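A.B. asks: take this sequence and fold it.
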Amino acid sequence: MLLYDKYCKTKIGYQCMQQTLKVQLRMGYIHVEISAPILLTSTNETPYGIYETIASGDSNPSTSGMGSGNYPPNENPSNAFDSNVTTKYLNFGTDEVEWGLNTGLYLTLQRGTSIAMGLRFSTANDFPNRDPLFVTLEGSNQSNASLNLGSSWTLIYSGSSGLATDPGRYSWGEIQWFSNSIPYASYRLLITQKRGSENSVQYSGFQLYGYPRLVPQLHLKIIQNTTTNGLESSVPVTCTTSITTSSVIVEYVTHILSKCNDNDILNPIMVGLGLMTQTEEFYNSDSIQSIFTAVLPLLAEYIIQNRNTEQHTDNSNLHYVYWLLCKMTGVMIAGPQQNSLEMEHTEKAC
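C.D. replies: All right, here's what the predicted structure looks like:
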């Protein structure tokens, strides 16, 4: 993804998002480049088996056992994420459609909200006809019991599993890439077709690839709030820009800009705010209005406090803040671009 803007004439650069996002201001442009997607799933995932479930439908929990709707006790959903191709996840499903079909799992990623753009399967030890051939993948930002509701899920992929050509037993198939620009906290996988006639579907591994949240999870996970009784409470932060989370993001950014001088934390904050200026293309302008309103005075104060320091000429953050302050102000004044004609006129004006 490449984004350009003509507001800045400095040359700076920094990296964030766990080495997958680069930002450079050069030759009068801001240049944002995202490199290759990374593995999103880990061996610490907690998946939940499901059966007799279709995309957009309610999830039907699968349980341990040896009959309809079950998975064998030693062949449970967690085996799909243990990085061991000698273990497997097997689900019998039901004979209402065909054994093993419409089974799968859902999970909330341990790394946090991420943009999935690829998936990959590995085959199990035996019975090639149990291999999944076609699948669906859905995303959700709901939580807890809401994840059982079909209305909580949005379909983002329906297609091949990457095992159309049998790679052999204990083997990984090809990564299947797909278009998706929306970050989700949870993902639901369903098997819609298998290789042949068998009493179940099985696979030894399942992986998701894509981009993690812009701000590293370590720096974004917790904000300390003081409750009415004077006790501190921890508030988890998500990367969505809904009205509910906007206030949390504002508090987080306010705390970082006011209290922190660590560039490793400031840099991804600046990148995230810069990307938020791409309203309507990546973010809804109504959602980020409250964020910009609160952050603009902080950016101005940051400039005032740092512009006369000895490190001014070497402060790459300060140069970027100059640009960011102008860009965010412009977004607030202009508002969202309403239609293609206005967008075309804006491009010509630039």
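A.B. asks: please make it C-alpha for all contacts and neighbour counts, starting now.
C.D. replies: Noted.
A.B. asks: take the helix ranked longest in the chain, keep the C-alpha atoms, and write them as CSV.
C.D. replies: Counting residues, the longest helix found in the chain (DSSP state H) is helix 285-306. C-alpha atoms of helix 285-306 as CSV (Å, rounded to 0.1, in the frame of the first residue of the first chain):
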residue,chain,number,x,y,z
SER,A,285,-14.3,10.8,9.3
ASP,A,286,-17.1,10.9,11.8
SER,A,287,-15.3,8.3,14.0
ILE,A,288,-11.9,10.1,14.0
GLN,A,289,-13.3,13.7,14.5
SER,A,290,-13.2,13.5,18.3
ILE,A,291,-9.7,12.0,18.1
PHE,A,292,-8.3,14.8,16.0
THR,A,293,-10.1,17.5,18.1
ALA,A,294,-8.3,16.2,21.2
VAL,A,295,-4.9,15.5,19.6
LEU,A,296,-4.4,18.7,17.7
PRO,A,297,-3.7,20.9,20.8
LEU,A,298,-1.3,18.2,22.0
LEU,A,299,0.6,18.3,18.8
ALA,A,300,0.8,22.1,18.9
GLU,A,301,2.1,21.9,22.5
TYR,A,302,4.6,19.3,21.5
ILE,A,303,6.0,21.6,18.8
ILE,A,304,6.2,24.6,21.2
GLN,A,305,8.0,22.6,23.8
ASN,A,306,10.5,21.0,21.4
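A.B. asks: for that helix, buried residues please.
C.D. replies: Buried positions in helix 285-306, judged by neighbour count with 16 or more other Cα atoms under 10 Å: Ser285, Ser287, Ile288, Gln289, Ile291, Phe292, Val295, Leu296, Leu298, Leu299, Tyr302, Ile303.
A.B. asks: domain assignment for this structure?
C.D. replies: 39-212, 216-349 (automatic domain parsing).
A.B. asks: least reliable of these going by mean pLDDT?
C.D. replies: Here the lowest mean pLDDT among those goes to domain 216-349, at a mean of 62.
A.B. asks: circling back: need the winner for burial among the domains of the chain.
C.D. replies: Looking across the domains of the chain with neighbours counted as mean count of other Cα atoms under 10 Å, the highest average goes to domain 39-212: a mean of 20.
A.B. asks: endpoints of that one, how far apart?
C.D. replies: Distance between the two ends of domain 39-212: 9 Å, counting by Cα to Cα, to the nearest Å.
A.B. asks: isn't Thr103 right next to Arg188, touching?
C.D. replies: No: Thr103 is not in contact with Arg188 according to Cα atoms under 8 Å; the separation is 10.4 Å.
A.B. asks: close enough to count as contact, Phe178 and Gly118?
C.D. replies: Yes: assessed by Cα under 8 Å, Phe178 is found in contact with Gly118 at 5.9 Å.
A.B. asks: coming back round to it: got the angle for the helix or strand following the longest helix of the chain vs helix 285-306?
C.D. replies: The first helix or strand that comes after helix 285-306 along the chain, using DSSP states H and E, is helix 316-334. Interaxial angle, helix 316-334 versus helix 285-306 (axes from the mean of the first three to the mean of the last three Cα atoms, to 10 degrees): 140 degrees.
A.B. asks: packing partners for helix 316-334?
C.D. replies: Using 3 or more Cα pairs under 8 Å, 6 or more residues apart in numbering; DSSP states H and E as the contact test, the elements touching helix 316-334 are strand 12-16, helix 263-276, helix 285-306.
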